[in-house]
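1. Please work out how this folds:
(2 chains)
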Amino acid sequence: MAMSFEWPWQYRFPPFFTLQPNVDTRQKQLAAWCSLVLSFCRLHKQSSMTVMEAQESPLFNNVKLQRKLPVESIQVVLEELRKKGNLEWLDKSKSSFLIMWRRPEEWGKLIYQWVSRSGQNNSVFTLYELTSGEDTEDEEFHGLDEATLLRALQALQQEHKAEIITVSDGRGVKFF
Amino acid sequence: FLWTRGLLEIIQTPGNQQRGVRVYDGEEKIKFDAGTLLLNERNHECRMAISLSQTAFIEEQEAGIRKSAKIAVHLHLAPCNKEPGPFQSSKNSYIRLSFKEHGQTEFYRWENMPGRVRTVGILGIERKLKGKRKKTEKNISEAFEDLSKLMIKAKKMVEQGDIIEDETIRFKSYLLRALTRETYGSGTQYHMQLVKQLAGILKAPLEEWGGIMSLTEVYSQEMELLSPDLVHACKMLEELKLPRRLSVFDSGVMIIELQYHKEEEMLASVLEMILEKGSLTSEEFAKLVGMSVLLAKEGVLLAEKMGHLCRDDSVEGLRFYPNLFITQS
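-> Okay, the predicted model is just below:
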């Protein structure tokens, strides 16, 4: 896990691990936490997590500083991410969540741009082709996890730019 | 003192009971808190009792901020046949009773009732104390009269268009409320309320003016509204230790100064210390500047509220840092 991840200055600042009572201060603090969670998950290619994992992860637990963000405060951070559209709870008991460093709508936009650019409107793709096919190797969405991809396509579906269909061995999508 | 069951109790006459009493041996607090103080003529069914014959005389000590009002009960020396009690003896000749929930006036009054057997010779002192109370009451009722005069004048000024009505509406309604009160209710407490409300009303315009407002500005053009009426009210403000004070300058101009200037000094001190040391707990800050921990804590919390500091709450304690969240963004 010890990749060359650049921790932000806040990570070494003890008050970062105490939820601030002053509203304006807290706003800044939470913004910094959200940013950190997203960049951490992006680098570690982590698209989902349980709350328990989060508590023990170096993300919320700075062993060197001897500070960890208490679980109630972690919940506050996660709620902020959910409000911003970067997080989705995977179960009713809120024990595990999907974390998307780009929001589904943003992914949808990127995918649709590629489809249009390569003149492949009205084509059908399997989900696998989109994320792991040769054609998409240079694209940002290459290697995207299925859960996030599905939500991206659902966003496009809402805009009538795509339709999720069933194909021979799973799901696919038709672009308009 | 006699031990009976661990509560200071001086019973019997109903209406002479007061809860929330703490006992002090001389100047020191002893272990008891929130005892019920009951006045007892006889001595049976007592818990911790002071026989009334032990009380030489009683002195009333007024409440201050954070200090409850107290009555010092000066005691005679214990008789030889005294039964065991929580203190065999004390170096002080008096105990103090702290009334956390007020009631000291009533208790004091009871003690002052005629017909009780008192030690001769202290009557003069008692008379003086009584006189002091009467004087305070007189001052208060005078100020009250002044305030009512003020209301009439304010009303007149509104009618003449000298003051914008909505600037004085709150003041008027406050004074109206004051005038419709029939009795003084619980005495000084009521008047404290009265003046506190006045202070509250003055706060907004005072803040707008940067904390300093000349009396002429407070009452705009009408010179007659100045001293002595408002001066009386302002003097009362100061006596009651509300967060504004009346300052007199050489030129004779008197201003109402918001006491938050003191707060600014406190804030500056907190910031200075924390920048110097990197981080501080309130105890550390208190020690550094030679201030009580309670006051230090208030100062630190104020600085946090104003956004100058942020907190680190861990098993190591509660520590405050400069608010880098704001400054480093």
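2. do the helix or strand harbouring residue A:83 and chain B meet at all?
-> Element membership of residue A:83, judged by DSSP states H and E, is helix A:71-84. No. Helix A:71-84 stays clear of chain B (C-beta under 8 Å from any C-beta of the partner chain), getting no nearer than 10.4 Å. Using the backbone N, CA and C atoms, a C-beta is placed for each residue, glycine as well.
3. mind listing what the following helix or strand past that helix pairs with, with the direction of each?
-> Where DSSP H and E defines the elements, the next helix or strand beyond helix A:71-84 is strand A:87-89. With DSSP bridges as the test, strand A:87-89 is paired with strand A:96-99 (antiparallel).
4. need the residues of chain A near chain B, please.
-> Chain A comes close to chain B at residues A:9-10, A:13-15, A:17-18, A:20-22, A:24-25, A:28-29, A:32, A:66-67, as judged by C-beta under 8 Å from any C-beta.
5. could you redo the last one with a cut-off of 6 Å?
-> Counting by C-beta under 6 Å from any C-beta of the partner chain, the positions of chain A adjacent to chain B are A:14, A:15, A:18, A:20, A:22, A:24, A:25, A:28, A:29.
6. Pull out the buried positions in the helix holding residue A:83.
-> Along helix A:71-84, these residues count as buried under the neighbour rule (16 or more other C-beta atoms under 10 Å in any protein chain shown): A:73, A:74, A:76, A:77, A:78, A:80, A:81.
7. Who are the packing partners of that helix?
-> Secondary-structure packing of helix A:71-84 (3 or more C-beta pairs under 6 Å, 6 or more residues apart in numbering or on different chains; DSSP states H and E): helix A:23-43.
8. Quick one: mean pLDDT for the helix or strand that the helix it packs on is followed by?
-> Using DSSP H and E, the helix or strand that directly follows helix A:23-43 along the chain is strand A:48-50. Across strand A:48-50, pLDDT averages out at 96.
9. do stretch A:114-129 as well
-> Mean pLDDT, computed over stretch A:114-129, is 89.
10. most centrally placed residue in chain A?
-> By C-alpha atoms, centre = their mean, chain A has its centre lying nearest to residue A:100, at 1.0 Å.
11. for that one, what are its contacts?
-> A:86, A:148 (C-beta atoms under 6 Å, 6 or more residues apart in numbering or on different chains).
12. What score does it have for pLDDT?
-> In this model, residue A:100 carries a pLDDT of 96.
13. That one and chain B, how far apart?
-> The gap separating residue A:100 from chain B is 25 Å, by C-beta to the nearest C-beta, to the nearest Å.
14. where's that residue relative to residue A:11, distance?
-> According to C-beta to C-beta, to the nearest Å, residue A:100 stands 22 Å off from residue A:11.
15. And for residue B:315?
-> According to C-beta to C-beta, residue B:315 and residue A:11 sit 19 Å apart.
16. got the residues of chain B near chain A?
-> B:304, B:307, B:310, B:311, B:312, B:313, B:321, B:323, B:325, B:329.
17. sorry, back to before: name the residues that touch the helix holding residue A:83?
-> Helix A:71-84 is contacted from outside by A:19, A:30, A:33, A:34, A:54, A:55, A:60, A:87, using C-beta under 6 Å, 6+ apart.
18. Quick check: bridge partners of the last one?
-> The reference is to residue A:87. The partner list for residue A:87 in beta bridges (DSSP bridges) reads residue A:99.
19. ok so, going back, just flag the most distant two among the residues of chain A next to chain B.
-> With C-beta to C-beta as the measure, no two of the residues of chain A next to chain B lie farther apart than A:14 and A:24, at 19.2 Å.
20. How far does stretch A:145-155 sit from its chain's centre?
-> 11 Å (C-alpha atoms, centre = their mean, to the nearest Å).
21. Name the residues of it that come out as buried.
-> For stretch A:145-155, a neighbour-count test (16+ other C-beta under 10 Å) marks A:148, A:149, A:150, A:151, A:152, A:153, A:155 as buried.
22. what does it contact?
-> Residues outside stretch A:145-155 that contact it (C-beta under 6 Å, 6+ apart) are A:47, A:98, A:100, A:104, A:105, A:107, A:108, A:127, A:131, A:162, A:164, A:173.
23. one more time with 10 Å, if that's ok
-> Defining contact as C-beta atoms under 10 Å, 6 or more residues apart in numbering or on different chains, one finds that stretch A:145-155 is touched by A:45-48, A:85, A:88, A:90, A:98-112, A:125, A:127-128, A:130-131, A:141, A:144, A:161-164, A:170-173, A:175.
24. Of the residues you listed, which belong to helices?
-> A:104-112, A:127-128, A:130-131 (DSSP state H).
25. For the residues you listed, work out which two are farthest apart.
-> The widest separation within the ones in helices among the contacts of stretch A:145-155 (C-beta to C-beta) is 22.4 Å, between A:105 and A:128.
26. Does residue A:6 touch residue A:12 like I think?
-> No. Under the criterion of C-beta atoms under 10 Å, residue A:6 is not in contact with residue A:12, lying 11.7 Å apart.
27. which one of these two has more residues nearby?
-> Higher neighbour count among residue A:6 and residue A:12: residue A:12, with 12 against 7, using other C-beta atoms under 10 Å in any protein chain shown.
28. thinking the more buried one is in contact with residue A:36, fair?
-> No. Counting by C-beta under 10 Å, residue A:12 does not reach residue A:36; the two are 11.9 Å apart.
29. just the buried members of the residues of chain A next to chain B?
-> Buried, going by 16+ other C-beta under 10 Å: A:14, A:15, A:18, A:20, A:22, A:25, A:28, A:29, out of these.
30. low-confidence ranges in the chain?
-> In the absence of a named chain, chain A is used. For chain A, the stretches flagged by pLDDT under 70 are A:1-3.
31. that's the other chain; I wanted chain B
-> Looking at chain B by pLDDT under 70, you get B:1-133, B:135-261.
32. Who wins on neighbours among the residues of chain B next to chain A?
-> The most crowded member of the residues of chain B next to chain A is residue B:310, carrying 28 neighbours; neighbours defined as other C-beta under 10 Å.
33. Doesn't that one belong to a strand?
-> Yes. Assessed with DSSP: H, G, I helix; E, B strand; the rest coil, residue B:310 lies in a strand.
34. On the strand side of things, show who it bridges to.
-> Note on residue B:310: beta-bridge partners residue B:321, judged by DSSP bridges.
35. Residue B:300 versus that one, what's the distance?
-> According to C-beta to C-beta, residue B:310 stands 11 Å off from residue B:300.
36. Report the set of residues contacting both of the two.
-> With C-beta under 10 Å, 6+ apart as the test, residue B:310 and residue B:300 both reach residue B:320.
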